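Enquirer: Below: sequence and its predicted model.
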Amino acid sequence: MPRALVLVLVLLCGCGPASSPTGPDASDPSSSTTTSEPSATETVTGTDTTPSTGTDSSTGTDTTGTDSTGTDTTDTDPSTGTTGTSTGTTTDTTGTTPAGLLANGGFESGASWWRPSGYTHHEWATTGDPIYESPGTFTAFEGRHALKLWGFYSGSVPNDSEHGLDLEGITPGDTHSVVAQVYQHPDDAMAGGNAAVLFLRFLDDSGAVLAEVTSSDVDGGTSAGVWHERSVVAEAPAGATRGQLGVRYHLSDWSDTGAVYVDDVRWTSTGTGAVSGERLLVWNDEFDGSELDETKWSRLVLPAFTYNSELQAYTASTDNADVRDGRLVITAREEADGSITSARLVTDGKGDWTYGRVEAMAQVPTTVGTWPAFWMLPSDWAYGGWPDSGEIDIMEHVGCDLDHVHQTVHTGAYNHLLGTQQGGSTYRNATATMHLYAVEWTAEELVFTVDGENIFTFENDGLGDSDTWPFDQRFHIILNLAFGGDWGGWCGVDRPGLPTEYVVDWVRVYQ
Ligand SMILES: [Ca+2]
Ligand SMILES: [Ca+2]
């Protein structure tokens, strides 16, 4: 059946009180436990153990770039490019893909693509959500979210509609590529003539289309239940100043059914160009290596009780911070002599930014006494010591108050010493699975989100006073796990609950 206006609202409820956290740490958050590897967010890491069969017959990537007439002779997936130099390729996914130049290519921050005026809908699909009219559930390629496209009753058939993004500042001669993961659920696969393709096109100043290339189809003949990779590559032709990329959904007939899911869309360019309204990835650590990348992070070594009466000493040991299975694992542990050790990693001097979107996918521990945090401090302390130069707490959690995550701002005028800190909080299953914690930082405001939902906004009052807005300077990122202390230990500490882990899948900065 066609999708009859079935707009399922998948945005998570704002179940938590938007109150300020009590007693957050002036200059140091931190934390503790966890019993096992999180499982919910990296659903396809490593190798694809259930490759599709039958429909993706091409192998590798066609890089010849010369088939401009729609006939690709180098493999069995014909390119359908209409003009210009282009190739369309199809490969099965074999693992995780790196972040591209799109700020929200994995749709973790919502379905931000433009909607068509045609006859399909899109929505934000979330891992664990039910599939339309079936008992099945959806699992994103990476992270928790993907974009879902489907047709619905309206207008006429057949028709095509497009969902995508606008590119600006294109220079002729540059090569652009778009790679995306696409999926059909076995309980709601496309049937009949319904199909979807990835597209990339170039336009001139007047809006005339100069060139377009599309990938091979995703349709009823494409195996369901498996993520497939689709890609397009094209060179911007003479006269091109802008472009568009996205997915085109073809609704064949009202009797045709199904939906397509899109995730992990990557756009790369050899030259100029930017996505209109989107930020570009300027720094990231996916923690995909075998050890911590010390060109990006420094391990701070600090004795116990340095901040907030916290019990842990921060060490440079891999026992306390290590990279494994694609994740950063910070471990708080009790040593043989009874001391507590943990780790505090900073980008200070290696990654410092003014404005941008800063986000991390992380899972916090359950052990009482733990205090994990993902936060930012000023790199230059231009307005004086804490709190006068500001603090941006993107995520804090304490084991005394499970699954209650906090996002907070401290300044000279607003800080916890005065009881005037500004913040918000929300309840998530933060100890059970990964969530996306982010701040969108501009000259006008700091917008804090969890899983793309706005939790708290702190606005620049425009008075030009650093007491209330010190956030016009460089800040760096801190990841740490404290144990005990004024906030982490307010209900006691569970030493037998150690060791315990704070796990971070990635940290990304967009500007
Ligand atoms: Ca995703
Ligand atoms: Ca990772």
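Expert: Now that the structure is in, tell me what you want to look at. Residues are numbered from 1 along each chain as shown. Ligands and ions are numbered 1, 2, ... in the order given.

Enquirer: And for the residue in the chain positioned nearest to ligand 2, the neighbour number?
Expert: Nearest residue of the chain to ligand 2, counting by Cβ to the ion: residue 326, 3.9 Å away. Where C-beta positions appear, they are placed from N, C-alpha and C, glycine not excepted. By the other Cβ atoms under 10 Å criterion, the neighbourhood of residue 326 contains 16 residues.

Enquirer: Does it touch residue 505 like I think?
Expert: Yes. Checked against Cβ atoms under 8 Å, the pair residue 326 and residue 505 is within contact range at 6.9 Å.

Enquirer: pLDDT score for the residue of the chain closest to ligand 2?
Expert: On the pLDDT scale, residue 326 is placed at 91.

Enquirer: Just the CA trace of stretch 232-247, in PDB.
Expert: Extracted in PDB, the C-alpha atoms of stretch 232-247 (Å, rounded to 0.1, in the frame of the first residue of the first chain):
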ATOM      1  CA  VAL A 232      28.300   9.400  -7.900                       C
ATOM      2  CA  VAL A 233      31.300  11.200  -9.100                       C
ATOM      3  CA  ALA A 234      31.300  14.200 -11.500                       C
ATOM      4  CA  GLU A 235      33.400  17.100 -12.600                       C
ATOM      5  CA  ALA A 236      31.800  20.500 -12.400                       C
ATOM      6  CA  PRO A 237      31.400  21.700 -16.000                       C
ATOM      7  CA  ALA A 238      32.200  25.200 -17.400                       C
ATOM      8  CA  GLY A 239      29.700  27.700 -16.100                       C
ATOM      9  CA  ALA A 240      28.800  25.900 -13.000                       C
ATOM     10  CA  THR A 241      28.500  28.000  -9.800                       C
ATOM     11  CA  ARG A 242      26.200  25.800  -7.700                       C
ATOM     12  CA  GLY A 243      25.000  22.300  -7.300                       C
ATOM     13  CA  GLN A 244      22.600  20.000  -5.600                       C
ATOM     14  CA  LEU A 245      22.900  16.500  -4.200                       C
ATOM     15  CA  GLY A 246      20.400  14.200  -2.700                       C
ATOM     16  CA  VAL A 247      18.100  11.300  -3.400                       C
END
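
Enquirer: going forward can the numbers begin at 34, since that is how I track them
Expert: In the new count, where the first residue is 34, that last one comes out as stretch 265-280.

Enquirer: If you count neighbours, what's buried in that stretch?
Expert: Neighbour-count burial for stretch 265-280, counted by 16 or more other Cβ atoms under 10 Å, picks out 265-270, 273-280.

Enquirer: As JSON lines, those residues with distance to ligand 1, pLDDT and secondary structure would be great.
Expert: Converted to JSON lines, the buried residues of stretch 265-280 look like this (distance: Cβ to the ion, whole Å; pLDDT from 0 to 100; DSSP: H, G, I helix; E, B strand; the rest coil):
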{"residue": "265", "distance to ligand 1": "20", "pLDDT": "96", "secondary structure": "strand"}
{"residue": "266", "distance to ligand 1": "22", "pLDDT": "95", "secondary structure": "strand"}
{"residue": "267", "distance to ligand 1": "25", "pLDDT": "94", "secondary structure": "strand"}
{"residue": "268", "distance to ligand 1": "29", "pLDDT": "94", "secondary structure": "strand"}
{"residue": "269", "distance to ligand 1": "28", "pLDDT": "95", "secondary structure": "coil"}
{"residue": "270", "distance to ligand 1": "32", "pLDDT": "96", "secondary structure": "coil"}
{"residue": "273", "distance to ligand 1": "29", "pLDDT": "96", "secondary structure": "coil"}
{"residue": "274", "distance to ligand 1": "30", "pLDDT": "93", "secondary structure": "coil"}
{"residue": "275", "distance to ligand 1": "26", "pLDDT": "93", "secondary structure": "strand"}
{"residue": "276", "distance to ligand 1": "23", "pLDDT": "94", "secondary structure": "strand"}
{"residue": "277", "distance to ligand 1": "21", "pLDDT": "94", "secondary structure": "strand"}
{"residue": "278", "distance to ligand 1": "17", "pLDDT": "95", "secondary structure": "strand"}
{"residue": "279", "distance to ligand 1": "16", "pLDDT": "94", "secondary structure": "strand"}
{"residue": "280", "distance to ligand 1": "14", "pLDDT": "94", "secondary structure": "strand"}
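
Enquirer: How about residue 289, nearest residue that isn't a chain neighbour?
Expert: residue 225 (3.2 Å; Cβ to Cβ, 6 or more residues apart in numbering).

Enquirer: ok now the helix or strand that contains residue 514, how far from the chain's centre?
Expert: In the assignment (DSSP states H and E), residue 514 maps to strand 508-516. With Cα atoms, centre = their mean, to the nearest Å as the basis, strand 508-516 stands 19 Å off its chain's centre.

Enquirer: Packing partners of that strand?
Expert: Here strand 508-516 touches strand 345-347, strand 360-367, strand 373-375, strand 377-379, strand 385-386, strand 403-411, strand 533-543, going by 3 or more Cβ pairs under 8 Å, 6 or more residues apart in numbering; DSSP states H and E.

Enquirer: Check what pLDDT residue 113 gets.
Expert: Looking at residue 113, its pLDDT stands at 33.

Enquirer: Over to residue 146?
Expert: 80.

Enquirer: Likewise for residue 45?
Expert: Residue 45 is given a pLDDT of 25.

Enquirer: tell me the centre residue of the protein?
Expert: residue 141 (4.6 Å; Cα atoms, centre = their mean).

Enquirer: Need the three-state assignment for that one.
Expert: Following DSSP: H, G, I helix; E, B strand; the rest coil, residue 141 is assigned to coil.

Enquirer: host element of residue 156?
Expert: According to DSSP H and E, residue 156 maps onto strand 153-159.

Enquirer: would you put the C-alpha positions of that strand in PDB?
Expert: This file holds the C-alpha atoms of strand 153-159, laid out as PDB (Å, rounded to 0.1, in the frame of the first residue of the first chain):
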ATOM      1  CA  THR A 153       7.000  11.600  -1.300                       C
ATOM      2  CA  HIS A 154       7.700  12.300   2.300                       C
ATOM      3  CA  HIS A 155      10.800  12.100   4.400                       C
ATOM      4  CA  GLU A 156      11.200  11.800   8.100                       C
ATOM      5  CA  TRP A 157      13.900  11.100  10.700                       C
ATOM      6  CA  ALA A 158      14.100   7.400  11.200                       C
ATOM      7  CA  THR A 159      15.500   6.200  14.500                       C
END
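
Enquirer: for the stretch 234-383 of the chain, which spans come out with low pLDDT?
Expert: 310-312 (pLDDT under 70).

Enquirer: Show me the helices in this structure, by range?
Expert: Per DSSP state H, the chain carries helices over the ranges 518-521.

Enquirer: Got the domain ranges for it?
Expert: Domain assignment of the chain by automatic domain parsing yields the ranges 121-125+135-310, 316-543.
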